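Colleague: what would the 3D arrangement of this be:
(chains A and B)
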Protein chains: 2
Amino acid sequence: MRSITPVLLCGGAGERLWPLSRQSFPKQFAPLTGTRSLFQQAATRLAGTGPGHHYSAPLVITASDYRFIATQQLAEAGIDPGAVLIEPEARNTAPAVLAAAIHASAANPDAMLLIAPSDHAIGDRDAFAAAVGQGLAAAEAGRIVTFGVAPDRPETGYGYLELAGRPDATGGATDLRRFVEKPDAETAGGMIEAGNFLWNAGIFLASARSLIDAFHAHAPNLVRPVSQALARARPDLGFLRLDPAAWSDAEAISVDYAVMEKVAGLAVVPLTGGWSDLGGWDAVWREAGPDARGVALSDRALAIDCHDSLLRSEAEGTEIVGIGLRDVIAIAMPDAVLVADMSRAQDVRLAVEHLRGKGAAQATDHPRDHRPWGWFESLAIGDRFQVKRILVHPGAALSLQSHVHRSEHWVVVSGTARVQIDGEERLVSENQSVYVPVGARHRMENPGKVPMILIEVQTGPYVGEDDIVRYEDLYSRDPGE
Amino acid sequence: MRSITPVLLCGGAGERLWPLSRQSFPKQFAPLTGTRSLFQQAATRLAGTGPGHHYSAPLVITASDYRFIATQQLAEAGIDPGAVLIEPEARNTAPAVLAAAIHASAANPDAMLLIAPSDHAIGDRDAFAAAVGQGLAAAEAGRIVTFGVAPDRPETGYGYLELAGRPDATGGATDLRRFVEKPDAETAGGMIEAGNFLWNAGIFLASARSLIDAFHAHAPNLVRPVSQALARARPDLGFLRLDPAAWSDAEAISVDYAVMEKVAGLAVVPLTGGWSDLGGWDAVWREAGPDARGVALSDRALAIDCHDSLLRSEAEGTEIVGIGLRDVIAIAMPDAVLVADMSRAQDVRLAVEHLRGKGAAQATDHPRDHRPWGWFESLAIGDRFQVKRILVHPGAALSLQSHVHRSEHWVVVSGTARVQIDGEERLVSENQSVYVPVGARHRMENPGKVPMILIEVQTGPYVGEDDIVRYEDLYSRDPGE
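Modeller: This is a model prediction of the structure:
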């Protein structure tokens, strides 16, 4: 059994799936298909065993903003990460992949890596495991193996892989002839007819050594900054923070452009059983499995005489109804609603841009604000008050803090809180309340085994998040974080 | 100066403007155009003076469910109703108009009545007042005067009035030839070309005596049940509740069908300055004054490359964004979103029907639940808890009550409350809180001069509205109300 280290890339911001996906909580962490997040699905897919291989603990590469979301979601899925590398800023995929390879190679230069985005949908875990098994021999022989999906339509939104011949009927590796960029419709149609083109799924299997060699050969300018970013990395509560100065010297470039398109002798293994990059709401619509009229609905969604449309309610208490629609995407969140023509799915980023331009929080902030200790959401905000729902994970604690402008009333509605107010500590259980006066130093934690939920009513002339003085913090957060 | 008594009909349920309009809070009470409700706009339009006339206190006819909403909105507009008649059930407009005429005639058989729906938009108060002035002479001569709007398009959604000749160029009354039902497009086009057809605005000016005579002549079967419903009416806190048994004997029929279409010698006065029945979202779109591309937006709404579309956010904290839409209506409420093709505006009632069929509260219940003392809305509901925002009008009080399954925490965030808990009374001001244990008899009132707002956190195994035992109620409400 060959051991494979999964490398999970999860630093992207996913603007094209706004309003579900926000910069503060992007699509890979959302339950876009099914009840678990795409990231959890990816991590689970790359755990356990498959034909001729088993997975070791994953190497996770993400942004600082997502570090606690990633580890919390892995914990929920019962997976211990081997390491979590934090990119000081987004530099596209090439520096991230090289960082992962160098990091893995330190322990074992021949470590076998499976590098995968964490925001794609893969329908059939067994088919995926079989494909990985098929690729192992080529990867062990020192080749880089990529995975290709047999196209079922002339898709213009994906890159293609041209094989040297027809795909291997037994599912084995075939030589790659070249990468093909996103084609126009005519070219796409021609490629489907030709039969030796597959969609580029952006997943790679290779040893750390082969990858590093490939970077030395084809992207040598990345090697020094990425190596230095790792060498000078700073451990922080179990995370490994890459060095910002070195990292910013690394070119922002995709691994395809930087390396893969130039490597000779790439092997391609066909991936069957369903795949989507979920790169826009049109892709989500297709992946959702529309009915005979082309309609795909979430819970709390209703379509009357609609065709080829996607209606999703992502808000607990909100019903969405479509009447007489054709080719429409409608997504309802508690704080934002998107209604777009299906053909404009790729222009959703324009909405984000416009909202950012007018300073609307909805452009970037998810209504549920995820923190290392849990999350909160604003239920109502008015003149001189705000109401929040707060969830604290078992064993987690908010920082010791005080506020200059607001006092707070806390009512515990589920679980038990331990609270400290100006040095006095007490337990507060379901249906009990506490008052925190302006200026009092206070801390709240969950000493129990189940999530603790409380309702916080803030009153005062100013109820913004930035009215906070932190005295101690379990999570070593920066002042603005 | 002739005195005119406005008769405001406001008992309708307005399903075609769902989700803004709900059975529990229909469109006439919503700020659909501008900041005040249509009902308030109508009441204000029919107050004060005009050419040759002044208005006396209005006679309001509404449903029991809306009685406190109507009086509260009149109070906000600074208008004292002369009487508020309560229809025990909806019987269309003919019985309501007859009841108003009989009620007015008891004080003065020659009372001049202006009967108007309260859910229409009228752009120009002065033009409306001028039209009423123009109609007075005919009405004083014993005729029934109706008002007609010069059509600017071959609308198939309105009924028409055919005049005996061209409308009077000076705005005076013209003889009516006949009522024309909603036409098809070709007929509508022909009528516009002919030039002697006006839209039927459903507004009438006539003396109580003339109206009652017309009912005796053309709808004699209505006279006995409506007279009896009034004779046996029960006064209740300033409202006059028509007798349910007698009322249910009255035929449900519109005043046009029952009487107006049969009356000889009806006079028509042209109404200029803008009018819309706001009978569907397409009419609201038109009334909103779409821009050069045909786009009409509310606050918090954004259109990118849209045409001929209406985007409205009716939820305080919700942004709505349209991309590449054509002929689409999109309305966002906190608990429901409608997205419909413009041509299907009249089918919005299908959405209500479907939601009712699956038992969704959104079909009928407005998220803000209006009560005689103010309103409340649910901010969050979860396992064993619910959070509400509650507003209590100055001088108003909730009933003395208790709950079997839930306890309540109240935090006052604005104004001052006087609370009574198991016989003990105290004042609770902004930033103070109170706890109401399960089973405690409690009451909350607002002794102040400004609205009192509080956040209520309920905890317990059941948090439904029907867990309430009432001991005393200022508003004489029924147990289920």
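
Colleague: can you pull the contacts of A:Met342?
Modeller: Contact analysis of A:Met342 by CB atoms under 8 Å, 6 or more residues apart in numbering or on different chains lists A:Trp281, A:Asp282, A:Trp285, A:Asp308, A:Ser309, A:Leu310, A:Asp327, A:Val328, A:Ile329. C-betas here are computed from N, CA, C, even on glycine.

Colleague: for chain B, state which of these is nearest.
Modeller: A:Val328 (6.5 Å; CB to the nearest CB).

Colleague: neighbours of the closest one, how many?
Modeller: Per other CB atoms under 10 Å in any protein chain shown, the neighbour tally for A:Val328 reads 26.

Colleague: so A:Glu181 makes contact with A:Gly159?
Modeller: Yes - if you go by CB atoms under 8 Å, A:Glu181 and A:Gly159 touch, sitting 5.8 Å apart.

Colleague: who has more neighbours out of these two?
Modeller: Between A:Glu181 and A:Gly159, counted using other CB under 10 Å, A:Gly159 has the larger neighbour count: 17 against 12.

Colleague: got phi/psi on that one?
Modeller: Main-chain dihedrals, A:Gly159, degrees, to the nearest 10: phi -80, psi 160.

Colleague: nearest residue to it in space, please, no chain neighbours.
Modeller: A:Asn200 (4.2 Å; CB to CB, 6 or more residues apart in numbering or on different chains).

Colleague: who's in contact with that neighbour?
Modeller: For A:Asn200, the contacting residues are A:Thr146, A:Gly148, A:Tyr158, A:Gly159, A:Tyr160, A:Leu161, A:Phe179, A:Asp256, by CB under 8 Å, 6+ apart.

Colleague: what pairs with the lengthiest strand in chain A, parallel or antiparallel?
Modeller: When chain A is parsed with DSSP state E, its longest strand is strand A:197-207. Each strand that pairs with strand A:197-207, with its direction, by DSSP bridges: strand A:112-117 (antiparallel), strand A:145-149 (antiparallel), strand A:160-163 (antiparallel).

Colleague: could you pull up the mean pLDDT of that strand?
Modeller: For strand A:197-207, the mean per-residue pLDDT is 97.

Colleague: can you report phi and psi for the nearest residue to A:Leu237 once chain neighbours are set aside?
Modeller: For A:Leu237, the nearest residue in space outside its immediate sequence neighbours is A:Ser476; the separation is 5.8 Å by CB to CB, 6+ apart. Main-chain dihedrals, A:Ser476, degrees, to the nearest 10: phi 50, psi 40.

Colleague: would you confirm that A:Ser476 contacts A:Pro235?
Modeller: No - A:Ser476 is beyond contact range of A:Pro235, at 11.0 Å (criterion: CB under 8 Å).

Colleague: show me the helices in chain A, by range?
Modeller: For chain A, the helices defined by DSSP state H occupy A:38-45, A:67-76, A:93-107, A:125-140, A:185-194, A:208-218, A:220-231, A:244-248, A:255, A:281-287, A:348-357.

Colleague: nearest to chain B, of these?
Modeller: Closest approach to chain B among the helices of chain A (CB to the nearest CB): helix A:348-357, 4.3 Å.

Colleague: what does the closest one rub up against?
Modeller: With CB under 8 Å, 6+ apart as the test, helix A:348-357 has contacts from A:15-18, A:280-281, A:338, A:340, A:362-364, B:302, B:304, B:319, B:321, B:323.

Colleague: quick check: closest non-adjacent residue to the residue of the stretch 1-150 of chain A found nearest chain B.
Modeller: The minimum distance from the stretch 1-150 of chain A to chain B, using CB to the nearest CB, falls at A:Pro19 (8.0 Å). What sits nearest to A:Pro19 in space, not counting adjacent residues and going by CB to CB, 6+ apart, is A:Ala336, at 3.9 Å.

Colleague: mind checking pLDDT for whatever residue of the stretch 101-250 of chain A ends up closest to chain B?
Modeller: Closest approach between the stretch 101-250 of chain A and chain B, counting by CB to the nearest CB: A:Gly157, at 16.6 Å. Here, the pLDDT recorded for A:Gly157 equals 89.

Colleague: what number of residues lie near the closest residue to A:Gln41 other than its chain neighbours?
Modeller: Spatially, and ignoring its direct neighbours in sequence, A:Gln41 is nearest to A:Gly34 (7.1 Å; CB to CB, 6+ apart). By the criterion of other CB under 10 Å, A:Gly34 has 10 neighbours.

Colleague: ok, A:Val438 next?
Modeller: Around A:Val438 there are 15 residues (other CB under 10 Å).

Colleague: residues in contact with it?
Modeller: By CB under 8 Å, 6+ apart, the contact list for A:Val438 reads A:His403, A:Val404, A:His405, A:Arg406, A:Ser407, A:Gly460.

Colleague: mind listing what A:Pro117 touches?
Modeller: Counting by CB under 8 Å, 6+ apart, A:Pro117 touches A:Leu9, A:Gly12, A:Gln28, A:Ala42, A:Gly202, A:Ile203, A:Asp277.
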